[in-house]
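> could you look at this predicted model? Sequence included:
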Amino acid sequence: MTLTQKLVKYFYPNMTDAEVRKFSILGLAFFMIVGAYWGIRLAKNTLVWTSIVPEKLGWAKGAAGILQPQLKIAAPVVIGLAVGLFSLFTNKVRRDKLYCGLLTVFAVIFGIATIFYFTAGDIAAGKTLFPAPVVKWIGITTFLMIESFGSLGPVMFWAFVNSLTLDASAKRGYPLVGAMGGIGAIIFSALVGIFQSNWLILASGTAAFVAAIMIIRYFVKHVPRDAEAEAKLNQPSPTEKEIKTGAPLSFGRKVWGKLSNSGVILILKNPYVLGVTLISTLYEIVSQVVDYQMHSVASGIYPSEQAMNSFESKFGMAVNSVLFFSSLLGIPQLFKKLNTRVLLMLYPLITTGVIATLILYNLGIDISTTAPVAVLIVTATALALLKGVGYSLNNPVKEILWLPTSKNIKFKSKGWIDAFGARMAKMGGGSINAAAAKIKAPATFGYYISLGFIGVWLLAAAYTGAKNMRLIKKNQIIQ
C-alpha cells in the first residue's frame, strides 16, 4: 500500500483497498474539474462586474449591476440548448467518452477566450484594441459558456460516477471525491489571486480540462469494476429496450414516446424525482440573492480587474477551506451517524440560520454610515459558509438520492435538474435581484423572500429523504 493510500485509509478507514484506488483516481479527476471551474467561475464574476460594460469604455455607471441579473435570467436559455444537445447522446455514447467529449468542447471554447483576453489589454481601464460592443458580446458569450460548464461539468461527472457505483460503496467513497474536489478548488482559487489576469485564469482552466480527460481515460482503461457495478453501468434504459424490440411505432406514438421519456416529464410524473429537483435547485435562489449583495458591495471597493480577482481569490479560498475541512473532519462522521432524511434537512436548517443572521445584521446597522468593507466581510462570510457547507454536505447527500433510480432517470432527469433546473433557480434569484435593483430595495428584501423558498425546501427534504430510505431498504428502483 502506497503512502497516499495509507493517508486515505487513515481518514476513511471503512473503504476497501479497491475503493481507495478507485475513488482516489476519480477524486484526482474531480480535483481538476472542480479546480478549473472555480478558477474560471471567479474570473466570470470579475468579467461581469469590471470587464463587460466598464464605465471607462463609455458604459453608464452601474451598468454591471443591471447586466448581472439579466445574464442570470438569460443563462437558462443557452444552458437548456446545451443540455438538450447533450441528452441526444446519453443512450448512444459510452459515458466516459461522452464526458471526455464534453470537456474537450469546453477546453476549445475557453482556449479561444484565453487568446482574446490575452490580446485585449486592460479592458476595465478602457485600454483595449477592441471596440466596446465587441468586448461586451465576447464577455457575455464567455460568461454564458462558464455558466453552461457549471451546469454540465461537475453534474455530469457525478452522473458518470453514479453509473458505476453501488449505494454502500458510494457512502464510503463520495466524501473522499468531494474532499479532493475541495482541494482543487482551494488551489485554483489561490491561482486566481496569483495570476489576477483573466486570460491566465482561463488558460489554467483549459489545461486542467485536458488533464481531467487523460485521468478519466486512464481510469476506464486500468481500474477494474466489480460485476454488479458493471451490470449497473451497462443496464439499458427503457428507451434502449424499446428500440431493441424492433416493434414498429406510429408517428404519434414516436412523438409521445420521446416526450414521455424526456427528463422534464420524468420529473413531473414522479413525486420522488420532483422532490430531488427541489432539493437540488432551491438553494440556488438563496445563494444568488446573497451573492448579488456581496458583489454589489465588492465592485465599489475593487473597481479594477486585478483588484477584483484578488478579492475573488480570497473569497474562493474561504469557501473551499470550509468545504475541505468540513469534508475531511466533519461530514464523514455525519454520514455514519445520521440517516439520509436528517442529512438532507440539515443544510436548509443551517441556511435558515445564516439568512436570519443577515437580516438581523442589516436591520441593526445604518447602511449610509457603515463602512462598506464591514458589510462586505459579513456578507462574504455568510456566503462562504453557505457555499462551503453546501458543497461538502448537500452535494454528496443529494447524489445518494439518485442511487435507487433507473439509468434513464439518472441521465435524463438528472441532466435537466442539475443543469437546466439549477439555472432556472438562478434565474429566479436573478429576477429577485433585478426587481430589488429596479426599486432600489434594501438587502433584506431578497432575504425575506429567501425564507419562503427555504420552507418549501425543508418539506421536500423531509419527504424525499424518507422515501429514499424506504427504497433502499426494499431494494426498489424508481423507473
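That came through, no problem. Residues are numbered from 1 along each chain as shown.
> centre of the chain to stretch 15-28, how far?
Mean C-alpha position of stretch 15-28 versus that of the full chain (CA atoms, centre = their mean, to the nearest Å) differs by 23 Å.
> no wait, stretch 291-300
20 Å.
> may I have it exported as CSV, CA atoms only?
Listed next in CSV are the C-alpha coordinates belonging to stretch 291-300 (Å, rounded to 0.1, in the frame of the first residue of the first chain):
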residue,chain,number,x,y,z
ASP,A,291,-24.1,36.6,-4.0
TYR,A,292,-25.6,39.7,-5.6
GLN,A,293,-25.4,41.7,-2.4
MET,A,294,-21.8,40.7,-1.9
HIS,A,295,-20.7,41.6,-5.4
SER,A,296,-22.6,44.9,-5.4
VAL,A,297,-20.6,46.0,-2.4
ALA,A,298,-17.3,44.4,-3.6
SER,A,299,-17.4,46.1,-7.1
GLY,A,300,-17.5,49.5,-5.5
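> residues in contact with that stretch?
45, 49-50, 64-65, 68-69, 308, 311, 315, 372, 375-376, 379-380, 383, 429-430, 433, 436, 443, 446 (CB atoms under 8 Å, 6 or more residues apart in numbering). Where you see a C-beta, it was placed from the backbone N, CA and C, and this is true even at glycine.
> what about 7 Å?
45, 49, 64-65, 68-69, 311, 372, 375-376, 379-380, 383, 433, 443 (CB atoms under 7 Å, 6 or more residues apart in numbering).
> in it, what counts as buried?
291-299 (16 or more other CB atoms under 10 Å).
> pLDDT of the strand or helix carrying A203, averaged?
For A203, the host element (DSSP states H and E) is helix 198-222. Here helix 198-222 scores 92 as its mean pLDDT.
> about what we covered before: just the buried ones from the contacts of stretch 291-300, in PyMOL syntax?
Selection of the buried residues among the contacts of stretch 291-300 in PyMOL, burial being defined by 16+ other CB under 10 Å:
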select buried, resi 45+49+64+65+68+69+311+375+376+379+380+383+433+443
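> okay, now the unreliable bits of the chain?
Scanning the chain for pLDDT under 70 picks out 1-2, 5, 90-91, 167, 225-263, 330, 332, 411, 415, 418-419.
> for the stretch 151-300 of the chain, what spans make up the strands?
For the stretch 151-300 of the chain, no strands turn up when DSSP state E, counting those that start in this stretch is the criterion.
> tell me how far the residue nearest in space to the middle of the chain lies from Y218.
Within the chain, one residue has its C-alpha closest to the average C-alpha position: by CA atoms, centre = their mean, that is G150, at 5.2 Å. Distance of G150 to Y218, given as CB to CB, to the nearest Å: 25 Å.
> before we move on, what about K398?
Applying CB to CB to K398 and Y218 gives a distance of 28 Å.
> these two - which one has more neighbours?
Legend: neighbour count by other CB atoms under 10 Å for K398 and Y218, higher for K398 (24 against 13).
> you'd agree the more buried one is up against T277?
No: using CB atoms under 7 Å, K398 makes no contact with T277, being 10.3 Å away.
> for S431, which non-adjacent residue is closest in space?
Nearest residue to S431 in three dimensions, chain neighbours excluded: I73, at 6.1 Å (CB to CB, 6 or more residues apart in numbering).
> please give the element, helix or strand, for that neighbour.
Going by DSSP H and E, I73 is part of helix 63-87.
> and W59, by the same measure?
Under the criterion of DSSP H and E, W59 resides outside all helices and strands.
> helix, strand or coil for S368?
coil (DSSP: H, G, I helix; E, B strand; the rest coil).
> so it versus L328, what's the distance?
Counting by CB to CB, the gap from S368 to L328 is 42 Å.
> ok, those two, which is more surrounded?
In this view S368 and L328 are compared by other CB under 10 Å, and L328 has more residues nearby, 18 against 5.
> contacts only, for the more buried one.
Taking CB under 7 Å, 6+ apart, one finds 11, 179 in contact with L328.
> same deal with L71?
With CB under 7 Å, 6+ apart, L71 has these contacts: 48, 140, 143.
> if we use 6 Å, what do you get?
F143 (CB atoms under 6 Å, 6 or more residues apart in numbering).
> hang on, I478 packs against T405?
Yes: between I478 and T405 a contact is recorded at 4.6 Å, counting by CB atoms under 6 Å.
> those two: who's more crowded?
Each of I478 and T405 has its neighbours counted (other CB under 10 Å); T405 has more, 22 against 19.
> output stretch 372-386 as CSV, nothing but the C-alphas.
Extracted C-alpha coordinates of stretch 372-386, given in CSV (Å, rounded to 0.1, in the frame of the first residue of the first chain):
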residue,chain,number,x,y,z
PRO,A,372,-18.6,49.1,3.0
VAL,A,373,-15.7,46.8,4.0
ALA,A,374,-17.6,45.8,7.2
VAL,A,375,-20.8,45.0,5.2
LEU,A,376,-18.6,43.0,2.7
ILE,A,377,-16.9,41.0,5.4
VAL,A,378,-20.3,40.0,7.0
THR,A,379,-21.9,39.1,3.7
ALA,A,380,-18.9,37.3,2.2
THR,A,381,-18.5,35.2,5.4
ALA,A,382,-22.2,34.2,5.3
LEU,A,383,-21.9,33.3,1.6
ALA,A,384,-18.7,31.4,2.1
LEU,A,385,-20.4,29.3,4.9
LEU,A,386,-23.5,28.7,2.7
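> what comes up buried for the helix holding I73?
For helix 63-87, by 16+ other CB under 10 Å, it's 63-65, 67-69, 71-76, 78-80, 82-83, 86-87.
> also stretch 337-348?
Applying a neighbour-count criterion of 16+ other CB under 10 Å, one finds 340-341, 343-348 buried in stretch 337-348.
> ok, so of these, who is nearest P54?
Closest to P54 out of the buried residues of stretch 337-348 is Y347 (37.0 Å), distances taken as CB to CB.
> and that closest one, how far from G353?
For Y347 relative to G353 (CB to CB), the value is 11 Å.
> what's the answer for L266, then?
Plainly put, L266 is 34 Å away from G353 if you go by CB to CB.
> quick one, which of the two is more surrounded?
L266 (23 against 12).
> could you count how many residues lie near the closest residue to the more buried one other than its chain neighbours?
Among residues not flanking L266 along the chain, S413 sits closest, at 4.5 Å (CB to CB, 6+ apart). If you count neighbours by other CB under 10 Å, S413 ends up with 27.
> where does S413 sit, in terms of helix or strand?
Per DSSP H and E: helix 407-415 holds S413.
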